[in-house]
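Trainee: Mind folding the following:
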Amino acid sequence: MGLKRRNRVSPNFSMASMTDVIFLLLIFFMITSTVVSPNAIKVLLPQGKQQTSAKPLTRVVIDKDLNFYAAFGNEKEQPVALNDLTSFLQSCAEKEPEMYVALYADESVPYREIVRVLNIANENHFKMVLATRPPEKK
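Mentor: Got it, this is the predicted structure:
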């Protein structure tokens, strides 16, 4: 009897499914790596002069003598003690829940004073902006 097989198994290996799996893994790792963020104080960087904000802005100013001043919106800065700064910012947040706080600190102010204000903002979930001057033109 001469029976022959009609279906032959091809000895070649198709890499198409392997490249699909690799591509899907690559996409998976790229997406999950963007979700992971380091533990740090969240700070919004100041924007250029051309961009304006519709939200009211609360300003906290620390001068070189470590005097604190604060103002809401277009009001003039008033002297405020560091202990009273939390209540001032909370009252501003009641006026405008989506407000953010701009911190203007003299370059000679010790870093610990800036961190104190950042901690107050972080504890109360305020958005914070550190104000800087533009770079000098050469």
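Trainee: In this structure, mark out all the helices, start to finish.
Mentor: 16-35, 82-95, 111-123 (DSSP state H).
Trainee: can those go into JSON lines with extra columns for distance to residue 61?
Mentor: All C-beta atoms are positioned from the backbone trio N, CA, C, and that covers glycine. Formatted as JSON lines, the helices of the chain follow (distance: least, C-beta to C-beta, whole Å):
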{"stretch": "helix 16-35", "distance to residue 61": "36"}
{"stretch": "helix 82-95", "distance to residue 61": "11"}
{"stretch": "helix 111-123", "distance to residue 61": "10"}
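Trainee: Now render those helices as TSV, adding mean neighbour count, distance to residue 57 and mean pLDDT.
Mentor: Formatted as TSV, these follow (neighbours: other C-beta atoms under 10 Å; distance: least, C-beta to C-beta, whole Å; pLDDT from 0 to 100):
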stretch	mean neighbour count	distance to residue 57	mean pLDDT
helix 16-35	9	30	84
helix 82-95	14	10	90
helix 111-123	15	13	89
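Trainee: Looking at the ones you listed, which is nearest to residue 71?
Mentor: Residue 71 lies closest, by C-beta to C-beta, to one member of these: helix 82-95, at 9.2 Å.
Trainee: Give me the contact list for that closest one.
Mentor: 56, 58, 60, 68, 70, 72, 80, 99, 101, 116-117, 120-121, 123-124, 126 (C-beta atoms under 8 Å, 6 or more residues apart in numbering).
Trainee: tilt between it and helix 111-123?
Mentor: Per axes from the mean of the first three to the mean of the last three C-alpha atoms, to 10 degrees, the angle that helix 82-95 makes with helix 111-123 is 30 degrees.
Trainee: what about dumping the CA coordinates of helix 82-95 to CSV?
Mentor: The C-alpha trace of helix 82-95 is given here as CSV (Å, rounded to 0.1, in the frame of the first residue of the first chain):
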residue,chain,number,x,y,z
LEU,A,82,5.2,83.0,59.4
ASN,A,83,2.8,81.5,61.9
ASP,A,84,-0.1,83.5,60.4
LEU,A,85,0.8,82.6,56.8
THR,A,86,-1.2,79.3,56.9
SER,A,87,-4.4,81.0,57.9
PHE,A,88,-3.9,83.8,55.4
LEU,A,89,-3.4,81.3,52.5
GLN,A,90,-6.4,79.2,53.7
SER,A,91,-8.6,82.4,53.7
CYS,A,92,-7.4,83.1,50.1
ALA,A,93,-8.2,79.5,49.1
GLU,A,94,-11.8,80.0,50.4
LYS,A,95,-12.1,83.0,48.1
